[in-house]
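Chemist: give me a 3D structure for the following:
(one chain, ligands or ions: 2)
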Amino acid sequence: MNRVIAVTNQKGGVGKTTTAVNLTASLAATKRRALLIDIDPQGNATMGCGVDKSQLQRSTCEVLLGESDVASALIPIEPAGFSLLPANSDLTAAEVRLLTLMAGRETKLRNALRPVRDNFDVIIIDCPPTLNMLTVNALVAADSLLIPMQCEYYALEGLSALLSTVEQIKASVNPDLEIEGILRTMFDPRNNLANEVSAQLIMHFGDKVFRTIIPRNVRLAEAPSFGKPVLFHDKESRGALAYLALAGEMIRREEESEAPAPEQNNPEPDAAPADANEDSSNPHQESQAEYPDTVTPPGNEHAGNFDSPPPQ
Ligand code: ATP
Ligand code: MG
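Modeler: Ligands and ions are numbered 1, 2, ... in the order given. As a prediction, this is how the structure comes out:
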């Protein structure tokens, strides 16, 4: 795995930051060298990692303005074992400054990342909920985008605006940008509309929709207030297991794309991966074949309500 992935959706509150923080922590847990970049002036990913955003010496702002290199702005996040390029509201000023530049304003992050790219197996960028110059910088720096989506009525509408921005960026500065996947977040299988939108997503985007589903889960919502990824808040929770399953699915997809069809003796190609390590028995690893329009996906019946108790 050697990829820069922008977690983006201009719709607010769909689970971008939750996904960026917890996916980074889950990939780090599988021994990937991971970097999380906060490029949102809200600084939520920064806070979610337990870093005080009001005390930053250097941040994404200085990096974008060329006042700091990336390496000297990184903060190690322990014990999770990944690095963070933090952000705070200074980024808003950085964006305004970028907009005054005549040339090269979209490529600031990509150029800044070049010296450290090979130090990491995966770089995850948490984008703001707008299609502004900060998001454009993320999409230009990225190899792919991961789109978290809440399966609700207006979800698809926002998606088409995002996809047309992606097409513009592909046509200009980043022709290799691809969709890593669409991730269904805060999913409640008891909600018929959620099931219908989910089925629509699969119809439109096929296997671009991650089979892993992130359930609505109170531990995921609590973890940022402790300044921790959910793995370090309640590692047995459905939320923690779901993000581990997502990391497993991404790794498996990557391995499959690198080594096409190594063996042909599995009669059920859509079955949950045997190599997804911690998550191979995870209920959030959904099989699309078993998931018709309005039927509850197996094992997801109690999403959000049946957390294991917190440790101690
Ligand atoms: P913004 O657009 O403002 O950056 P976002 O897309 O980054 O928002 P988050 O901040 O990740 O979204 O999530 C929005 C809210 O929903 C947060 O309070 C978060 O804790 C909560 N949340 C996210 N995912 C889940 C989940 N799977 N279960 C329960 N709560 C969740
Ligand atoms: Mg966010």
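
Chemist: K16: how many residues sit nearby?
Modeler: A count of nearby residues for K16, using other Cβ atoms under 10 Å, gives 28. Where C-beta positions appear, they are placed from N, C-alpha and C, glycine not excepted.

Chemist: and the nearest residue to it once chain neighbours are set aside, what pLDDT?
Modeler: Nearest non-adjacent residue to K16, counting by Cβ to Cβ, 6 or more residues apart in numbering: V7, 5.0 Å away. pLDDT for V7: 98.

Chemist: check the one 3 residues further on too.
Modeler: In the predicted model, Q10 carries a pLDDT score of 91.

Chemist: that one - that's part of a helix, no?
Modeler: No: assigned with DSSP: H, G, I helix; E, B strand; the rest coil, Q10 falls outside any helix and is coil.

Chemist: that one and T130 touch, don't they?
Modeler: Yes: the criterion here is Cβ atoms under 8 Å, and Q10 meets it with T130 at 5.6 Å.

Chemist: which of those two has more neighbours?
Modeler: Q10 (18 against 14).

Chemist: how far away is the more buried one from ligand 2?
Modeler: Using Cβ to the ion, to the nearest Å, one gets 11 Å for the distance from Q10 to ligand 2.

Chemist: how about the contacts made by that residue?
Modeler: Applying Cβ atoms under 8 Å, 6 or more residues apart in numbering, we find Q10 in contact with 129-131, 135, 158, 161-162.

Chemist: which residues does the residue nearest to K16 contact?
Modeler: Listed by Cβ under 8 Å, 6+ apart, the contact set of V7 reads 16-17, 19-20, 23, 124-127, 145-148.

Chemist: what about 7 Å?
Modeler: 16, 19-20, 124-127, 146, 148 (Cβ atoms under 7 Å, 6 or more residues apart in numbering).

Chemist: nearest to E62, out of those residues: which one, please.
Modeler: Relative to E62, the closest of these is I125; by Cβ to Cβ it sits at 16.5 Å.

Chemist: just give me the neighbour total for that closest one.
Modeler: Count around I125 with other Cβ under 10 Å applied: 31.

Chemist: let me know the pLDDT of it.
Modeler: 98.

Chemist: ok, now how distant is the closest residue to ligand 1 within the stretch 201-312 of the chain from K53?
Modeler: Here the stretch 201-312 of the chain gets closest to ligand 1 at one residue, A221, 3.6 Å apart by Cβ to the nearest ligand atom. Using Cβ to Cβ, to the nearest Å, A221 is found at 19 Å from K53.

Chemist: ok, now D126?
Modeler: To K53, D126 is 13 Å away according to Cβ to Cβ.

Chemist: now the strands for this structure?
Modeler: 3-7, 34-38, 75-77, 82-85, 122-126, 144-150, 178-187, 209-215 (DSSP state E).

Chemist: so for stretch 28-40, mean pLDDT?
Modeler: Rounded mean pLDDT across stretch 28-40 is 97.

Chemist: circling back to that earlier point, buried ones only from the contacts of Q10, please, as a PyMOL command.
Modeler: Listed next is the PyMOL selection for buried residues among these, using 16 or more other Cβ atoms under 10 Å:
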select buried, resi 129+131+135+158+162
